[in-house]
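Undergrad: Here you go, sequence then predicted model.
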Amino acid sequence: MLEAGKTYDEVQAAFRWRIPHRYNIAADIDRHADSGRTAVIGLDPQGTVRRYTFLDLKRASSRLANVLAAKGVGRGDRIGILLPQCPETAIAHLAAYRMGAVAVPLFTLFGEDALEYRLADSGAKAVVTSDESLPKIEAIADRVPALAAVLTVGADDPATDFWNCLERARDDFATADTGPDDPVLLIYTSGTTGPPKGALHSQRVLLGHLPGVELPHDFFPQPGDLFWTPADWAWAGGLLDVLLPSLHHGVPVLAHRFSRFDPEEAFQLIATYAVRNTFIPPTALKMMRQVPNPRDRHRLALRSVGSGGESLGPDLLDWGRETLGVDINEFYGQTECNLVRSNCASIMPVRPGSMGRAVPGHQVEIVSEAGEVLAAGELGEVAVRRPDPVMFLQYWGNPEATQAKFAGDWLLTGDTAHKDEDGYFYFVGRDDDLITSAGYRIGPGEIEECLMRHPAVALAAAVGVPDPTRTEIVKAFIVLRDGVTPSTELVHEVRDFVRTRLAAHEYPRMVEFVPELPMTTTGKIRRKDLREREVQRLRTEAKNGRGA
């Protein structure tokens, strides 16, 4: 644990990794089972509050492990977890870790196509889901050959109902004797030139995240801390930045995710439950900033606010100090290697626009294409040196992509940046075509593949278009099949086609029908040309608007 009361240089110099030879995340969290402390506070949409102690989590996850084992699920098997931010999600994860299985987090807004790909590609043997999401699993079950068991929270059938099955199971389970490098978590990232890739993490991933949580949250934990995030636990930002580190430290987590983020309700939630620590994505912060005089109506007890995914800018940082009463500390990472750079205003000056300095324990540099470390001021790619406890093991079933992710011992993030003389990094752009929208990193490949399944579409490209609220929104350029006529109705149809099959945050908010797409000589779509065209269009519109 990072020690407060020191300078950044002192904290960095004193840090040492302590990775045990045998380690299991569930066993780690079991350390608090006899404390009597609350682990998860579940708040459902109807306002019902459910509190679970660490002992409750241990018993419930052991029961679930016994249920899954009886259904033939064992060590190394993949378990899909298609649940919203709720206590059952934490229980399902701990059960998978306890078994030595591999948890596969799945976003509840995923459509059938997105779920089918991830479950089939991972070879998932079981799924834990809710009654709201069950119809999607039922629709694709025959196309996921390895799937043998489905447990559902709120199922009509007692034989498959989550809680009914747990009630009939033993509450003790022999936790798997795992090492720090044994696989435990498979999180699918957005693909840029093809389907999503599964980033496989090992048991040590929790330990690797700890300094990256402790630093931006001002030496977390402190007495009285309580964590909440609007980020879904199906993503690294919710699961690995909030839930698991909090449970490791014995800190309670508030489980509540809005079906649609409401900034006023967010303030109310933070005040009502005396939330002390929160990770809030930039888009949510921008929405909260629009709430007039929140401190006049809400008594806030915040101690730390972290944010990441895109630069906040000086105005939003000033608003955080004035309205939230804390410095918003920005951090940086990606699913494959998360929380490796951060700000911490209490021990180092925050420089607006910077993603901060290296988190203790991580060697992060700007490198050339050949993996050579560049000097201050030189433009290059953000890279992390291996070995590193937070770093992924490999892309699932994709050794070529795994190899391409590295230049020697440097993991390449795909993000272009430069550093100053004091080691602060400044993000410039992406080498790939990822779209950053409302805090989500969206790959165009999966969107384009979905669009191509529409009967009217002959060819499609998806790019990010600048947006003042979401940073970027998805725009689709579509070449229609012969004989198909563009129309407003077809625009709506295409947008809904993607929304229902992939996810609400991935559908194209803008659609343009074009006669052709710019291509390279090898037949690849030149998305860069499309993005540059959109930037020029926005500049022209802004200029014409000023002149009117």
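TA: It's in. Fair warning: this is a prediction, and the values are worked out from it, not measured in the lab.

Undergrad: what's the helix or strand in which residue 206 is found in contact with?
TA: Assigned by DSSP states H and E, residue 206 belongs to helix 205-214. The contact list for helix 205-214 (C-beta atoms under 8 Å, 6 or more residues apart in numbering) reads 1-2, 15, 17-19, 23, 25, 28, 180, 184-185, 220-221, 240-242, 244-245, 248, 306, 331, 333, 338-340, 342, 359-362, 388-392. From N, CA and C alone the C-beta is placed, and that goes for glycine too.

Undergrad: Buried subset of the residues you listed as a PyMOL selection?
TA: To isolate the buried members of these in PyMOL, using 16 or more other C-beta atoms under 10 Å:
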select buried, resi 2+23+25+28+180+184+185+220+221+240+241+242+244+245+248+306+331+333+338+339+340+342+359+360+361+362+388+389+390+391+392
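
Undergrad: Restricted to strands, list the contacts of helix 205-214.
TA: Within the contacts of helix 205-214, residues falling in strands by DSSP state E are 184-185, 306, 331, 333, 338-340, 342.

Undergrad: quick one: the helices in the stretch 351-500 of the chain?
TA: Counting by DSSP state H, counting those that start in this stretch, the stretch 351-500 of the chain has helices at residues 399-404, 444-452, 488-501.

Undergrad: just to revisit the earlier point, pull out the buried positions in the helix holding residue 206.
TA: Within helix 205-214, the residues that count as buried by 16+ other C-beta under 10 Å are 205-214.

Undergrad: Also stretch 266-284?
TA: For stretch 266-284, by 16+ other C-beta under 10 Å, it's 266-267, 269-271, 273, 275-284.

Undergrad: pLDDT of that stretch, averaged?
TA: For stretch 266-284, mean pLDDT is 94.

Undergrad: Now do the helix ranked longest in the chain and helix 444-452, the angle between them.
TA: In the chain, taking DSSP state H as the definition, the longest helix is helix 527-547. In terms of direction (axes from the mean of the first three to the mean of the last three C-alpha atoms, to 10 degrees), helix 527-547 departs from helix 444-452 by 90 degrees.

Undergrad: What separation do you get for the spatially most central residue of the chain and residue 442?
TA: Nearest to the geometric centre of the chain sits residue 235, at 2.9 Å (C-alpha atoms, centre = their mean). Using C-beta to C-beta, to the nearest Å, residue 235 is found at 12 Å from residue 442.

Undergrad: so which of the buried residues of stretch 266-284 comes closest to residue 10?
TA: If you rank the buried residues of stretch 266-284 by distance to residue 10 using C-beta to C-beta, residue 277 comes first, at 23.3 Å.

Undergrad: Quick check: bridge partners of the closest one?
TA: Beta bridges link residue 277 to residue 227, residue 304 when assigned by DSSP bridges.

Undergrad: thought it was touching residue 216?
TA: No: assessed by C-beta atoms under 8 Å, residue 277 is found out of contact with residue 216, at 9.8 Å.

Undergrad: Could you pull out the residues contacting both of these two?
TA: What both residue 277 and residue 216 touch, as defined by C-beta under 8 Å, 6+ apart, is the set 304, 306.

Undergrad: domain parsing for this structure?
TA: According to automatic domain parsing, the chain comprises the domains 48-203, 435-547.

Undergrad: ok so, going back, name the nearest of the buried residues of helix 205-214 relative to residue 98.
TA: residue 206 (13.6 Å).

Undergrad: Need the per-residue pLDDT for that closest one.
TA: At residue 206, pLDDT is 98.

Undergrad: What distance do you get for it to residue 248?
TA: In this view, residue 206 and residue 248 are 6 Å apart by C-beta to C-beta.

Undergrad: Show me the common contact partners of those two, please.
TA: With C-beta under 8 Å, 6+ apart, residue 206 and residue 248 have common neighbours 25, 28.

Undergrad: Give the other helices and strands that the helix or strand containing residue 66 contacts.
TA: Under the criterion of DSSP H and E, residue 66 resides in helix 54-70. Helix 54-70 is packed against helix 25-30, strand 38-43, helix 87-99, strand 149-153, helix 162-167, with contacts defined by 3 or more C-beta pairs under 8 Å, 6 or more residues apart in numbering; DSSP states H and E.

Undergrad: Now do the second one: distance to the chain's middle.
TA: What it means is strand 38-43. Using C-alpha atoms, centre = their mean, to the nearest Å, the mean C-alpha position of strand 38-43 is found 21 Å from that of the whole chain.

Undergrad: Which strands or helices does it pack on?
TA: Partner elements for strand 38-43 (3+ C-beta pairs under 8 Å, 6+ apart): strand 49-53, helix 54-70, helix 87-99, strand 253-255.

Undergrad: what do you get for the shortest one?
TA: The contact analysis (3+ C-beta pairs under 8 Å, 6+ apart) places strand 149-153 against helix 54-70, strand 126-130, helix 134-140, helix 162-167.

Undergrad: can you give me the strands for the stretch 351-500 of the chain?
TA: Assigned by DSSP state E, counting those that start in this stretch, the stretch 351-500 of the chain shows strands spanning 354-358, 364-367, 380-385, 394-395, 406-407, 410-419, 425-430, 435-437, 440-442, 457-467, 471-480.

Undergrad: For the fifth one, give the mean pLDDT please.
TA: Across strand 406-407, pLDDT averages out at 95.

Undergrad: Give the pairing partners of it; include direction for each.
TA: strand 410-419 (antiparallel).

Undergrad: re earlier: please identify the most buried of the helices and strands packed on helix 54-70.
TA: helix 87-99 (a mean of 28; mean count of other C-beta atoms under 10 Å).

Undergrad: Packing partners of the helix or strand that that helix is followed by?
TA: Reading on from helix 87-99 to the C-terminus, the next helix or strand found by DSSP H and E is strand 102-105. For strand 102-105, the elements it packs on are strand 78-82, helix 87-99, helix 112-122, strand 183-189, judged by 3+ C-beta pairs under 8 Å, 6+ apart.

Undergrad: and the next element down the chain from the last one?
TA: So that's strand 183-189. strand 197-202.

Undergrad: Output the contacting helices and strands for that next one.
TA: Against strand 197-202 (3+ C-beta pairs under 8 Å, 6+ apart) you get helix 112-122, strand 183-189, strand 394-395.

Undergrad: okay, that strand in PDB with CA atoms only?
TA: The C-alpha coordinates for strand 197-202 follow below in PDB (Å, rounded to 0.1, in the frame of the first residue of the first chain):
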ATOM      1  CA  LYS A 197      -9.900  -9.300 -28.900                       C
ATOM      2  CA  GLY A 198     -10.100 -11.000 -25.600                       C
ATOM      3  CA  ALA A 199      -7.400  -9.600 -23.200                       C
ATOM      4  CA  LEU A 200      -6.600 -12.500 -20.800                       C
ATOM      5  CA  HIS A 201      -5.500 -11.400 -17.300                       C
ATOM      6  CA  SER A 202      -4.100 -13.500 -14.400                       C
END
